[in-house]
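> for reference, the sequence and a predicted model appear below.
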Amino acid sequence: MTLRKVNISILIVAVVIFLLVLHHNFLGLSDFLKRELSDSNPLGLQPIDFIPAVPQRLADERNDKEISVVIAASDERLGGAIAAMNSIYRHTRSNVVFYIVTLNDTVDHLRLWLSTTALKNLRYRILDFDPRVLEGKVQVDPQKADTLKPLTFARFYLPSLVPHAEKAIYVDDDIIVQDDILELYNTPLKPGHAAAFSDDCDSTTNKVAVRGAGNQYNYLGFLDYKKETIRKLAMKANTCSFNPGVFVANLTEWKLQNITKQLEKWMALNVAEELYSRTLAGSITTPPLLIVFYKQHSSIDPMWNVRHLGSSAGKRYSPQFVKAAKLLHWNGHFKPWGRTASYAEVWEKWYVPDPTGKFSLIRRHSEAYEAK
């Protein structure tokens, strides 16, 4: 009996010692984990007082795939491009590289803006666009030569701008992003499709009738169906058009199908035959894209191009809908950096002031937005 009691006592002591060692190790691991979490910033971002908080879910996982984003940046609209890039950068942990297309006289201004502000950690390449590539392809009114905007055609030359990428996103400079750009990048494209756009007949954007113009949500509003060249294409006039201000491109397909050459062909034909609608109210880049991509494009989620915010000074969407949108687009005459525009305060949260003072927001004193 005595020997059995001794064995039991030894066993109890051994179990107690084992439990004490296990508890000590657990506490040590817990303290280590706490130190790791407290010493690191899960977003890897510098705190900026005018930058809205980034969704916590973006800290959950990291994505190292390079996402090429192409954006044009003209000097008179440079603040728009800055706000667009800032909103994209602050909403993602993906490896975004911006390909900023501009003209030679804007390069120094742009580089200074990016290198001396909160955007200094952006990954980007500045590309100088040569307007001579448009010679013979754009009809220029001698009395309005200064109205030609060469950079609006940069989207036609994506494979040349991003030669090593298989896929790229193009965005206009009058947008801001409110979600992770990775979702847009992952938009599935059907086999044989070189691009995905947001159709103008989708359920989230109202059909826009421009005074004095045809319907700006179908092909009839952009092309002159009285011209034989257009009629021979057998494209239905009531086909829903799409907005080319935001799209995802499969650059491998783009090159295989010689999309750029096709676009240049229709640009040159328009110079010779005036194929675009005489009541065209939208961008002159839209008609050739509509022809080349007729029934040959995929669709992006319409919430990734909630547009027409610049079509009037009034608010066409509810605040709740604007907040839910993944991308807001101020296409139209009323830009968010101008004198009056709907939801300009939403855009302004992402604007980074120009350190040179050359670009400044135009606001009525009574309507000036005050950052809080």
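All right, it came through fine.

> now the nearest residue to Leu103 once chain neighbours are set aside: how far from Trp266?
Closest residue in space to Leu103, ignoring its immediate chain neighbours: Phe129 at 6.1 Å, by CB to CB, 6 or more residues apart in numbering. Where C-beta positions appear, they are placed from N, C-alpha and C, glycine not excepted. Going from Phe129 to Trp266 by CB to CB, to the nearest Å gives 20 Å.

> quick one: which of those two has more around it?
Taking neighbours as other CB atoms under 10 Å, Phe129 and Trp266 compare with Phe129 leading, 22 against 19.

> check contacts around that one.
Contact analysis of Phe129 by CB atoms under 8 Å, 6 or more residues apart in numbering lists 72, 101-103, 150-151, 154.

> roughly how far does Ala83 sit from Tyr351?
Remark: distance between Ala83 and Tyr351 (CB to CB) = 4 Å.

> list residues touching both of those two?
Overlap of the contact sets of Ala83 and Tyr351 (by CB under 8 Å, 6+ apart) consists of Trp337.

> using the three-state scheme, assign the residue lying closest to Leu251 once chain neighbours are set aside.
Sequence neighbours aside, Pro159 is the residue nearest to Leu251 in space, at 5.2 Å (criterion: CB to CB, 6+ apart). Taking DSSP: H, G, I helix; E, B strand; the rest coil as the rule, one finds Pro159 in the helix state.

> what's the answer for Ile126, then?
strand.

> quickly list what it is bridged to.
Judged by DSSP bridges, the bridge partners of Ile126 are Ile100.

> doesn't Ile100 make contact with it?
Yes: between Ile126 and Ile100 there is a contact at 5.1 Å, judged by CB atoms under 8 Å.

> now do the shared contacts for those two.
Jointly contacting Ile126 and Ile100 under the rule CB under 8 Å, 6+ apart are Leu110.

> which one of the two is surrounded by more residues?
More neighbours sit around Ile100 than around the other of Ile126 and Ile100, counting by other CB under 10 Å; the figures are 26 against 16.

> the more buried one and Tyr124 touch, don't they?
Yes: checked against CB under 8 Å, the pair Ile100 and Tyr124 is within contact range at 5.7 Å.

> now do the shared contacts for those two.
Common contact partners of Ile100 and Tyr124 (CB under 8 Å, 6+ apart): Met85.

> helix or strand right after the lowest-mean-pLDDT helix or strand in the chain?
Comparing every helix and strand of the chain by mean pLDDT, DSSP states H and E singles out helix 2-39 as the least confident one, with a mean of 52. Later in the chain than helix 2-39, the nearest helix or strand by DSSP states H and E is strand 63-72.

> parallel or antiparallel, which strands does that next one pair with?
Paired with strand 63-72 in the same sheet, following DSSP bridges, are strand 94-102 (parallel), strand 167-171 (parallel).

> now these as JSON lines including mean pLDDT and distance to Glu135?
What follows is the strands paired with strand 63-72, written out as JSON lines (pLDDT from 0 to 100; distance: least, CB to CB, whole Å):
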{"stretch": "strand 94-102", "mean pLDDT": "97", "distance to Glu135": "18"}
{"stretch": "strand 167-171", "mean pLDDT": "98", "distance to Glu135": "23"}
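
> deepest of these, which one?
Of these, the one with the most neighbours on average (mean count of other CB atoms under 10 Å) is strand 167-171, at a mean of 24.

> now do the following helix or strand past that one: everything it contacts.
Proceeding N to C from strand 167-171, the next assigned helix or strand is strand 175-177, under DSSP H and E. The set of residues external to strand 175-177 that reach it, using CB under 8 Å, 6+ apart, is 83-84, 87-88, 91, 171, 245-246, 326-330, 346-347, 350.

> please consider this matter closed, and thank you.
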